[in-house]
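# model this:
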Amino acid sequence: MNAIVFPSLSDARSQKCLGGAVSLCELATMMFSGRDASHVLDLATTWIASVSTSLTAVGYLEDEGRLLRGGTAVSGHEARAMDAGVHTLHGEDAALDLPGCGWARALALNHRGACRGYLVVTSPETPGHDDVFLAALLARQTAAALDHVQVCEGERAHARRLRRLVHGMTALNIRLGTAVAELQRRVAIHEALNRASCSGGGEEDIVRVLHKLTGFPVRSEDRFGNPRAWAGPDSSVQPAGVAPARRADVLRRAERERGPVRDRDLLFRVVRPHGEVLGVLVLADPDHRVSETEMFALDQAGTALAVELSHQRNLADAELRLRCDLVEDLVTGTDERSALARCEAVGHNLHGPHRVVIVKWSGPWGDGKVTDAVGRAATAGRLDFLLGRRSGAAVLVVRGPAVDDAFYEQVSKELGSPDCAIGVGGPCDATGDVPHSYQEALRALEIRQNSVRPYGLTAFDRLGIYRVLRTGDHDAHTEQFVREWLGSLIDYDRAHHGELVATLTAYLENDNYDSTAATLTIHRSTLRYRLRRIREISGLDLTDVDARLNLHVATRIWNVTTGTH
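Okay, here's the model as predicted:
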């Protein structure tokens, strides 16, 4: 900006100039407290019009390389000429040639090396030196005020940025604190479930801890939906289950999503290590209040339970293999000292009488399912046993009393079908006799399978004379023997729905009329009639010792092979 030439102060003009300067000082207070640049420029143009009757001012503000006009309104033609003149300036004061205007000068609003705009002062005639002096002072003051406004705006913007930064940091600290608290809760959940898993309490401890962590009723189920453990407000009451069809759909969805899934009021977490479903955790949430933290707890409990159930499965498989190997060695023959030690290791007392039981089945079941069913049946029957598999059959070495027909009924119940045959060997008191009992069980099983009724239980002890008869290639000779002595009576019974073979059997077993008639629940005269018909049809003399012996053996064999023994 060009240097200001101060006029000489004298007389009335000097007093006017001094008053203008004082007024300009008062204006400075308003300018430096101005709201923004436009307000400062308005104050400048308004003030110059108030202190001079001839001067008017138009302001220009620099805004990102553009000059924006403001202040006193000017006509269109004059405004275009003024805009064109100002845009040719380069931050210096200059006279402007404006149409219809006697005098015009652009005063650059420079401060600290920066041009903030221009103040264009016009007058119908050339103003006096005092007016020019006041206009120059006004331009200097306006430039300083505009710089001050810009500094203040920068500080306010900086303050706003600082406030936003502080608010952002505060919000970030809150989120970080929340995340840390959530992480601590999750670590506590993980540690609590890990302790439950390692405590030895098994599935019950995991379910109890999950209930304690979440406050919701929890239960664990097997893969079929049968409850195994539960914890809740009243843990003595077993929680209700879910309809099988809907449960199957939920479990399929849970396997796909690999996490807890909701079905109405229940959350399900499938326990599925290595692709095999070992169980299900169910959490009851009727009010839908479960949070992300509690969902995490349910998921972590599922992981802990997967480890526990996998461990149990591995132990069961290992024990089953050990027991199967032990049963295999016992029925094929093994060292007694080794057998006693191994039986003690699996918790079985090998001392005392034992017998071998063989279970053979027909149907669509696999070895594992049938063996499990046989094990459950033996446990339900309170048998003290070792269980194994051999040659497509389940083999038990049972300690204690004989196994009876109740065991067959229990196995049939577990399998859901009666299509199985059971052979029971004779008792053995020493380890070395177990193979012999096994062979006797095979013999009894073979007789049962070759009989008219191939399903059921046959004990070697009840075979009678058939125990000394051989099977296999010699069965044809046995059948021929039976046909030779009983063939005519068998054919008569079949043709006439008679009971001659049964009558002969009872007579030979009782050896007197009264006992035989009582056994058959018939009158003595009926018995005499049937015995006469037996003599007539067979042509045999029942008083002959050899004939009676052969008939007795034949009826024993017939009763065993027909399942009527």
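# Please make it C-alpha for all contacts and neighbour counts, starting now.
OK.
# if I look at L134, how far off is H111?
Between L134 and H111 the computed distance is 17 Å (Cα to Cα, to the nearest Å).
# how about C428, what does it touch?
P353, H354, R355, V434, S437 (Cα atoms under 8 Å, 6 or more residues apart in numbering).
# Inside helices: which ones of these?
V434, S437 (DSSP state H).
# Out of the contacts of C428, which is nearest to L251?
R355 (44.3 Å; Cα to Cα).
# Which elements pack onto the helix or strand containing T379?
Following DSSP states H and E, one finds T379 within helix 367-380. Under the contact criterion of 3 or more Cα pairs under 8 Å, 6 or more residues apart in numbering; DSSP states H and E, helix 367-380 touches strand 384-390, strand 393-399, helix 405-415.
# quick check: angle from that helix to strand 393-399?
20 degrees (axes from the mean of the first three to the mean of the last three Cα atoms, to 10 degrees).
# Now tell me what touches helix 367-380 from outside.
359, 361, 384-385, 387-389, 392-394, 407, 410-411, 414-415.
# contacting residues around the nearest residue to G426 once chain neighbours are set aside?
Distance criterion Cα to Cα, 6 or more residues apart in numbering; nearest residue to G426, sequence neighbours excluded, is S437 at 5.3 Å. Going by Cα under 8 Å, 6+ apart, S437 touches R355, V356, G425, G426, P427, C428.
# Filter those down to the buried ones.
Using 16 or more other Cα atoms under 10 Å as the burial test, those include R355, V356, G425, G426, P427, C428 as buried.
# can you put these in JSON lines and add pLDDT and distance to D93?
Converted to JSON lines, these look like this (pLDDT from 0 to 100; distance: Cα to Cα, whole Å):
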{"residue": "R355", "pLDDT": "93", "distance to D93": "126"}
{"residue": "V356", "pLDDT": "94", "distance to D93": "124"}
{"residue": "G425", "pLDDT": "92", "distance to D93": "129"}
{"residue": "G426", "pLDDT": "90", "distance to D93": "131"}
{"residue": "P427", "pLDDT": "92", "distance to D93": "131"}
{"residue": "C428", "pLDDT": "91", "distance to D93": "130"}
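# ok, of those, which one's closest to G91?
Nearest member of these to G91, counting by Cα to Cα, is V356, at 117.6 Å.
# Specify the next element, helix or strand, located C-terminal of the helix or strand harbouring L305.
Using DSSP H and E, L305 maps to helix 292-332. Per DSSP H and E, the first helix or strand lying C-terminal to helix 292-332 is helix 336-345.
# Report all helices and strands that that following helix contacts.
helix 292-332.
# what packs against the helix it packs on?
Judged by 3+ Cα pairs under 8 Å, 6+ apart, helix 292-332 is in contact with helix 129-198, helix 202-214, strand 266-271, strand 279-284, helix 336-345, strand 384-390, strand 393-399, helix 434-449.
# mind listing what's buried in stretch 30-40?
In stretch 30-40, counting by 16+ other Cα under 10 Å, buried: M31, F32, G34, D36, A37, S38, H39, V40.
# count of residues packed around the residue lying closest to the fourth one once chain neighbours are set aside?
The shortest distance from D36 to any residue other than its chain neighbours is 6.0 Å, reached at V149 (Cα to Cα, 6+ apart). V149 is flanked by 22 other residues according to other Cα atoms under 10 Å.
# if I pick V149, what's in contact with it?
F32, G34, R35, D36, A37.
# Point out where the stretch 251-400 of the chain drops to low pLDDT.
315-321, 323, 364-367 (pLDDT under 70).
# What's the separation between the residue nearest to F385 when sequence neighbours are not counted and H354?
Spatial nearest neighbour of F385, excluding adjacent residues (Cα to Cα, 6+ apart): V398 at 4.3 Å. In this view, V398 and H354 are 5 Å apart by Cα to Cα.
# what does T516 give?
37 Å.
# just D546 next, same as before
38 Å.
# Between these two, which is the more surrounded one?
Taking other Cα under 10 Å, D546 and H354 do not tie; H354 has more neighbours (26 against 11).
# re the thing from before, list the residues that contact the residue nearest to F385.
Counting by Cα under 8 Å, 6+ apart, V398 has contacts H354, R355, V356, V357, L383, D384, F385, L386.
# The second one reaches G426, doesn't it?
Yes. R355 lies in contact with G426 (Cα atoms under 8 Å); the separation is 5.7 Å.
# Below-threshold pLDDT in the stretch 401-550 of the chain: ranges please.
451-452, 464-475, 477.
# go with 80
For the stretch 401-550 of the chain, the stretches flagged by pLDDT under 80 are 450-453, 463-478, 511.
# what's the neighbour count on H129?
15.
# before we move on, what about A444?
By other Cα under 10 Å, neighbour count at A444 equals 28.
# Was I right to think it contacts G456?
No. A444 is not in contact with G456 according to Cα under 8 Å; the separation is 10.9 Å.
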